[in-house]
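[1] The following comprises the amino acid sequence and a computationally predicted model.
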Amino acid sequence: MGNINLPLILSLGVLITGVIWLYDIAFLARPRRQKIAAVNAQFKRDDANKADAAQVDAQDNAGPNSGDKAYQLAIGQASREPALVEYSKSFFPVLLLVFVVRSFLVEPFQIPSGSMEPTLDIGDFILVNKYAYGIRLPVINKEVIPVSKPERGDVMVFFPPHLPDTYYIKRVIGLPGDKIEYVNHKLTINGEPVSEELQAVLPAGQPQFRLTQETIGEHEFTARKYLRPGRYSVRGAWTVPEGHYFMMGDNRDNSFDSRGWDDPFVPEKNIVGKAVVVWMHWESLLSLPSFDRAGAID
C-alpha cells in the first residue's frame, strides 16, 4: 500500500513550522511591536494624542487622506513578518490538524493490489481506525494507551516483518497461540474447519475460480479461490507465537501473506489500524470516481 513515510513527513512539518512560530513569538515579535509603537508616536496616533489629531484633521483643508496613507504604509512596513514566519503561521494549524487526525483517529489509504479481492478492489479508498487497537505514537508506532486487540476476521493494516516500512492490508486469521492449517483451500483454526458456502464459479463457460462465503469470528465475507490451488494454498501449518498474528488475503491464490513470508507472523508493534469503511472507488486518473462500493468493511 505504498512506502511513503507520511507520519514522518507530517511530524517534521508540524515541528518545523511550530518552532518557527515560537521563535517569532520569542525573538521577532517584540522588535516589530517596538517599531509599531515608534510609528504611532511619529504620526501622533497613540492614545494620548488621538484627540489632538482629530482636531488637526478637522481643521486641515487638505484632509486626512495623505497622512492616513503615509501612516498605513509605515505601519505595514513596521509590522511586516518575514515570509518564512508568515508561511509557518499559515501552515502550522493545518498541518497540526491533519497530523492529529491521521495519527490518532483515522487515516485514508488507497488499495493498490488485488490481494483482498473481492472484499477490496484495486482503487478502493478506505478509512483505517487508528485507535481501535490502541493509541500509538506517530513514526515509532509505540502503543501508549491500550484499547483492544485484533480479533479473528478483522481486516487490518500493518507493516509486514520483511518490509517494515511498507503498508500491507490483510485479514487476521490467527491470534496468539492459534494453530493454523491450510490444505487445498481448506482453512482450519485450532482443529475447527472454517465453514464455507459456495457462491459462484466464474467466469461462466470457462470457469477459473470460485467464490465462497466464509465466517471467521464475527465476520462473514467472500473469499476468492482458483479451481486449482496455488502454491500457498496446497499445504501449510503454523502455530502463532505470543504477541503475533497470522494474516491472509481474501484472494487466496493471489496474495503474498503469512503463508509465503520467511517470517510468517506480524508482531503487535507493527500494527497500524483496523480497516473499517470503503468511502470511494477511483481506479485511475483516466476514470471517474464512484461511490457505488461505499460501505462498511466486514
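    Good, I have the coordinates. Numbering: from 1, shown residues only.
[2] Just the buried positions in the strand ranked longest in the chain, please.
    In the chain, with assignment by DSSP state E, the single longest strand is strand 271-281. Residues of strand 271-281 classed as buried by neighbour count (16 or more other C-beta atoms under 10 Å): 271-276, 278, 280-281. Placement of C-beta: from N, CA and C, glycine included.
[3] I'd like to know which elements it is packed against.
    Counting contacts by 3 or more C-beta pairs under 8 Å, 6 or more residues apart in numbering; DSSP states H and E, strand 271-281 packs against strand 106-110, strand 124-129, strand 155-158, strand 295-296.
[4] and among those, the most buried is which?
    strand 155-158 (a mean of 23; mean count of other C-beta atoms under 10 Å).
[5] Give the next helix or strand downstream of that strand.
    As assigned by DSSP states H and E, the chain's next helix or strand after strand 155-158 is strand 168-174.
[6] That next one: how far from the chain's middle?
    Chain-centre distance of strand 168-174: 18 Å, with C-alpha atoms, centre = their mean, to the nearest Å.
[7] got a list of contacts for it?
    1, 109, 111, 115-116, 119-120, 126, 150-160, 180, 187, 189, 216, 219, 221, 238, 240, 245-250, 255, 257-258, 275 (C-beta atoms under 8 Å, 6 or more residues apart in numbering).
[8] Can you select the buried ones among these for me in PyMOL?
    Burial among the contacts of strand 168-174 is assessed by 16+ other C-beta under 10 Å; the matching PyMOL selection reads:
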select buried, resi 109+111+115+116+119+120+126+150+152+153+154+155+156+157+158+159+160+180+187+189+216+219+221+238+240+245+246+247+248+249+250+255+257+258+275
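[9] Identify those among the contacts of strand 168-174 that sit within strands.
    Per DSSP E, those map to strands at 109, 126, 155-158, 180, 187, 189, 216, 219, 221, 238, 245-248, 275.
[10] on that earlier part again, avg pLDDT for the longest strand of the chain?
    What strand 271-281 shows for mean pLDDT is 97.
[11] do you know how far A204 is from P267?
    For A204, the distance to P267 equals 43 Å [C-beta to C-beta, to the nearest Å].
[12] Can you pick out the residue with more neighbours from those two?
    P267 (15 against 7; other C-beta atoms under 10 Å).
[13] Enumerate every residue touching the residue nearest to the more buried one when sequence neighbours are not counted.
    Counting by C-beta to C-beta, 6 or more residues apart in numbering, H244 is the residue found nearest to P267 once chain neighbours are left out, at 5.4 Å. Counting by C-beta under 8 Å, 6+ apart, H244 touches 176, 265-268.
[14] which of the residues you listed has the most neighbours?
    V266 leads these on contacts (other C-beta under 10 Å) with 27 neighbours.
[15] pretty sure V201 belongs to a strand, no?
    Yes: according to DSSP: H, G, I helix; E, B strand; the rest coil, V201 belongs to a strand.
[16] isn't it right next to R224, touching?
    No: counting by C-beta atoms under 8 Å, V201 does not reach R224; the two are 11.2 Å apart.
[17] shared neighbours of the two, anything?
    In contact with both V201 and R224: 209-211, using C-beta under 8 Å, 6+ apart.
[18] picking up where we left off before, of all the helices and strands packed on strand 271-281, which one comes closest to R228?
    strand 155-158 (26.5 Å; C-beta to C-beta).
[19] Mind listing the strands the closest one pairs with, and their directions?
    strand 168-174 (antiparallel), strand 271-281 (antiparallel) (DSSP bridges).
[20] Can you check which of the ones you listed gets nearest to L84?
    Here strand 271-281 is closest among the strands paired with strand 155-158 (C-beta to C-beta), at 33.5 Å.
[21] Okay, angle between the closest one and strand 106-110 too, please.
    On the basis of axes from the mean of the first three to the mean of the last three C-alpha atoms, to 10 degrees, strand 271-281 is oriented at 60 degrees to strand 106-110.
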